[in-house]
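Trainee: next one to model:
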Amino acid sequence: MAASPLLRVRDLSVRFLSGGEETVASSGVAFDLAAGEILAVVGESGSGKSVSSLALTRLLPPEPACRVSGSAVLEGRELIGLPDRELTQVRGGRIAYIFQEPGTSMNPVYTVGFQIAEAIRTHRAPMAKAAVRAEVEASLDAVGIREPGRVADSYPHELSGGMLQRAMIAMALACQPRLLVADEPTTALDVTIQKQIMELLARIRRERGMAILLITHNFGIVANLADNVLVMHRGQVVEQGPVARVMAEPRHPYTRGLIGCIPRLGQRRRRLPTLEDSLRESSPSA
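Mentor: All right, here's what the predicted structure looks like:
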């Protein structure tokens with residue numbers, strides 16, 4: 001018998017209410033994520049990728065401004081509708097997030113080490129102050145930071161973008177979560193640092209057996225890192241499957257359009273392809 005997935009999502013929908021009008025941000029999202037798997041959620045800005053991941057732990061405005069429905073079962077535990085006190089323990093403790101703008105995710109008036117220590121105290125068993133400090137530095141060392149003591153005593157504005165992103169990953173790992181949600185983790189970084197962060201995520205998965213939900217618009221990253229991919233367009237899943245299959249034989253015009261945007265060495269084009277070009281293929285009048 002196949003093992004149950006770490007996370008099972010069914011019919012997940014997010015709706016926002018403003019000025020008496022309802023906007024559907026995502027609808028009917030469904031997927032399974034196994035322990036140790038990297039699942040990439042791909043789509044352009046506004047496709048519903050991020051809002052669906054935030055809905056898992058209700059990191060969205062409260063009702064009635066935002067309504068979340070459907071099911072998200074983590075290790076046999078339903079998250080949708082979970083009381084706030086229990087959900088607080090899931091956030092960070094079982095599901096950790098890293099975001100594309102690490103500079104806005106950390107409190108600027110506290111040191112990096114203080115903020116990682118706070119996460120450890122919240123989600124792990126009580127330990128002495130010296131032990132917490134050791135855990136902070138061990139977490140920073142685990143993500144390739146060469147001077148963990150100095151970085152722990154630094155404020156966020158004193159670190160480069162790449163170093164700050166590593167510190168954010170260290171904070172997430174310090175809580176020993178089962179699932180890491182990486183929301184566009186390389187968008188604000190240069191190409192060299194992007195590669196380093198992607199290699200770091202791959203190593204974390206390999207060494208810790210942690211599942212990763214990778215949210216991105218870049219199929220190039222997906223091809224090199226993910227096991228499976230889920231493609232979202234206008235709030236709905238339009239295609240999903242193993243990365244190798246989807247890359248070789250994309251079935252939906254939108255997927256073909258995203259893959260067609262990947263630059264290739266030696267290829268010259270007078271006009272860059274657009275997603276509208278691909279979607280026109282599926283139009284009845286095309």
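Trainee: can we go C-alpha only for contacts and neighbour counts from here?
Mentor: Will do.
Trainee: low-confidence regions, this protein specifically.
Mentor: 1-2, 263-286 (pLDDT under 70).
Trainee: biggest helix in it by residues?
Mentor: helix 191-208 (DSSP state H).
Trainee: ok, then the element right after that one?
Mentor: strand 211-216 (DSSP states H and E).
Trainee: not counting the next helix or strand after that next one itself, show me its contacts.
Mentor: Remark: after strand 211-216, the chain's next helix or strand is helix 219-225, criterion DSSP H and E. If you take CA atoms under 8 Å, 6 or more residues apart in numbering as the criterion, helix 219-225 is touched by 38, 40, 42, 198, 202, 216, 229, 243-244, 247, 258-259, 262.
Trainee: as a markdown table, those with distance to residue 139 would be great.
Mentor: Shown next, in a markdown table, are these (distance: CA to CA, whole Å):
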| residue | distance to residue 139 |
| --- | --- |
| 38 | 21 |
| 40 | 25 |
| 42 | 29 |
| 198 | 17 |
| 202 | 16 |
| 216 | 25 |
| 229 | 29 |
| 243 | 31 |
| 244 | 33 |
| 247 | 35 |
| 258 | 36 |
| 259 | 36 |
| 262 | 34 |
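Trainee: and the longest helix of the chain with strand 211-216, angle?
Mentor: Orientation note: helix 191-208 sits at an angle of 160 degrees relative to strand 211-216 (axes from the mean of the first three to the mean of the last three CA atoms, to 10 degrees).
Trainee: quick one: helix 191-208 to chain centroid distance?
Mentor: Its chain's average C-alpha position is 14 Å from that of helix 191-208, according to CA atoms, centre = their mean, to the nearest Å.
Trainee: which one (most neighbours) among the contacts of helix 219-225?
Mentor: residue 40 (30 neighbours; other CA atoms under 10 Å).
Trainee: could you pull out the strands for the protein?
Mentor: Assigned by DSSP state E, the strands in the chain fall at 7-18, 21-33, 38-42, 66-74, 77-78, 95-98, 179-183, 211-216, 228-233, 236-242.
Trainee: any chance of these in JSON lines, with distance to residue 141 too?
Mentor: Below are the strands of the chain laid out as JSON lines (distance: least, CA to CA, whole Å):
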{"stretch": "strand 7-18", "distance to residue 141": "29"}
{"stretch": "strand 21-33", "distance to residue 141": "28"}
{"stretch": "strand 38-42", "distance to residue 141": "23"}
{"stretch": "strand 66-74", "distance to residue 141": "29"}
{"stretch": "strand 77-78", "distance to residue 141": "33"}
{"stretch": "strand 95-98", "distance to residue 141": "18"}
{"stretch": "strand 179-183", "distance to residue 141": "18"}
{"stretch": "strand 211-216", "distance to residue 141": "20"}
{"stretch": "strand 228-233", "distance to residue 141": "29"}
{"stretch": "strand 236-242", "distance to residue 141": "33"}
